[in-house]
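Novice: Here's a sequence, model it:
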Amino acid sequence: MNKDLLFYSKKFAKLRVDRVRGIAPHKPILILSAIALIQQEVITQNRIFLSPELIATFLKYWSHLGSESHRSDIAQPFFHLQGDGFWHLKAKVEFEPVINSKVKIKTLSGLRDAVQYAYFDDELFELIQDPSSRSSLIDVLANTWFSDKTSQIAQLFQINSFQEFQDRLREQGGIVYSADEIEDESKLIVRDAAFRKIVVSAYEFRCAFCELQILNSLNQHIVDGAHIKPFSQFRDDRFDNGLSLCKNHHWAFDRGWFTVDDDYKIIVSEDLREESPHARTMRDFHGQHIALPAQQSYFPRIDALRWHRENVFNHGEQLFLT
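Specialist: The predicted structure is shown next:
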């Protein structure tokens, strides 16, 4: 069978969707989301990860195209689109038997644990990369599933949904969320990724403790956007509750092996036995200032640092700092 534009146009027009409570538009919205990221060159290989970018795009499109009779749930189409024959899942090694047995995975966290990425048929991915055939496939999805919203789809394709979320968050200086606002797992993933990206970019992708900076041609880096007061307790995603730390020093900070005083000087626990033949020990940084962002609004908040000193450093023992 010739898997050409006509073949996939028919596939897109006849997606297997739930119709019990009206048409469930999860599958066409997921496909549109993936095509949008390919068009924006966020996705450059035939590997579609359950990334914050994909989830943010799906949520944005759902808010305009979704059904009031159904819940926004990217996990459902990401798994079940396999049944339409052109979408496939690459399992993580230990989960290959589970994916191959077609056992249903219903949660987003379950999918992220079990699946490396999804991918289209190679022929379909090539068609989507071509502007003309991509436009034709978008038209099929729009006219078949969202015939009254075709103009909205054209506008949505001009928006980088994850960047839009980051920009909105940046304008607010971050957010302290209510408990209700973090119940949705997909929104939590987008929120967490946006916070961390903004924080590390404010520090120019450099560790505030040791000033290590490593970047590659894909803009990958070695630092994390760490919370000073834990998000699980305080739901505080204001950027002044963040620090850019390399993997080692993020781990050490979370376990109270070092902290930071009100003058932004490093305090290292005396309860450490260190050997570091080829690099500086943590103790070598005691008394030095952390690297700070260029913008003062991103400086670590003093009350957050005090909380960390009193509740995390040295296992929460009250310090008498001089």
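Novice: Enumerate every residue touching Asn100.
Specialist: Ala91 (CB atoms under 8 Å, 6 or more residues apart in numbering). C-beta here means a position set from N, CA and C on the backbone, and glycine is covered the same way.
Novice: And it, how close does it get to Glu94?
Specialist: 12 Å (CB to CB, to the nearest Å).
Novice: Repeat that for His70.
Specialist: 32 Å.
Novice: next helix or strand past the helix ranked longest in the chain?
Specialist: When the chain is parsed with DSSP state H, its longest helix is helix 185-202. Where DSSP states H and E defines the elements, the next helix or strand beyond helix 185-202 is strand 223-227.
Novice: between that next one and helix 185-202, how big is the angle?
Specialist: On the basis of axes from the mean of the first three to the mean of the last three CA atoms, to 10 degrees, strand 223-227 is oriented at 110 degrees to helix 185-202.
Novice: After strand 223-227, heading C-terminal, what element do we hit next?
Specialist: According to DSSP H and E, the helix or strand after strand 223-227 is helix 231-234.
Novice: Name the residues of that following helix that come out as buried.
Specialist: Neighbour-count burial for helix 231-234 flags 231, 234 (criterion: 16 or more other CB atoms under 10 Å).
Novice: same deal with stretch 227-242?
Specialist: For stretch 227-242, by 16+ other CB under 10 Å, it's 227-231, 234-242.
Novice: what about it, start to end distance?
Specialist: Taking CA to CA, to the nearest Å as the measure, stretch 227-242 stretches 5 Å from start to finish.
Novice: what distance separates that stretch from the middle of the whole chain?
Specialist: Relative to the chain's own centre, stretch 227-242 is displaced by 17 Å; criterion: CA atoms, centre = their mean, to the nearest Å.
Novice: just stretch 168-177 next, same as before
Specialist: Remark: stretch 168-177 is offset 16 Å from the chain centroid, using CA atoms, centre = their mean.
Novice: mind listing the helices for the stretch 201-322 of the chain?
Specialist: For the stretch 201-322 of the chain, the helices defined by DSSP state H, counting those that start in this stretch occupy 231-234, 247-254, 302-311.
Novice: cool, the stretch 51-200 of the chain as well?
Specialist: Assigned by DSSP H, counting those that start in this stretch, the helices in the stretch 51-200 of the chain fall at 52-65, 75-80, 96-100, 108-114, 122-129, 131-145, 150-156, 161-172, 185-202.
Novice: any chance of the buried residues of stretch 227-242 in JSON lines, with pLDDT too?
Specialist: Putting those into JSON lines (pLDDT from 0 to 100) gives the following:
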{"residue": "His227", "pLDDT": "97"}
{"residue": "Ile228", "pLDDT": "97"}
{"residue": "Lys229", "pLDDT": "97"}
{"residue": "Pro230", "pLDDT": "95"}
{"residue": "Phe231", "pLDDT": "94"}
{"residue": "Phe234", "pLDDT": "95"}
{"residue": "Arg235", "pLDDT": "95"}
{"residue": "Asp236", "pLDDT": "96"}
{"residue": "Asp237", "pLDDT": "96"}
{"residue": "Arg238", "pLDDT": "96"}
{"residue": "Phe239", "pLDDT": "97"}
{"residue": "Asp240", "pLDDT": "97"}
{"residue": "Asn241", "pLDDT": "98"}
{"residue": "Gly242", "pLDDT": "97"}
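Novice: Which of those residues sits closest to Ala179?
Specialist: Nearest to Ala179 among the buried residues of stretch 227-242: Arg235, at 7.2 Å, using CB to CB.
Novice: residues touching the closest one, list them.
Specialist: 176-179, 181-182.
Novice: just the buried members of these?
Specialist: Buried by 16+ other CB under 10 Å: 177, 182, out of these.
Novice: Going by distance to Arg280, which of the contacts of Arg235 wins?
Specialist: Val176 (36.0 Å).
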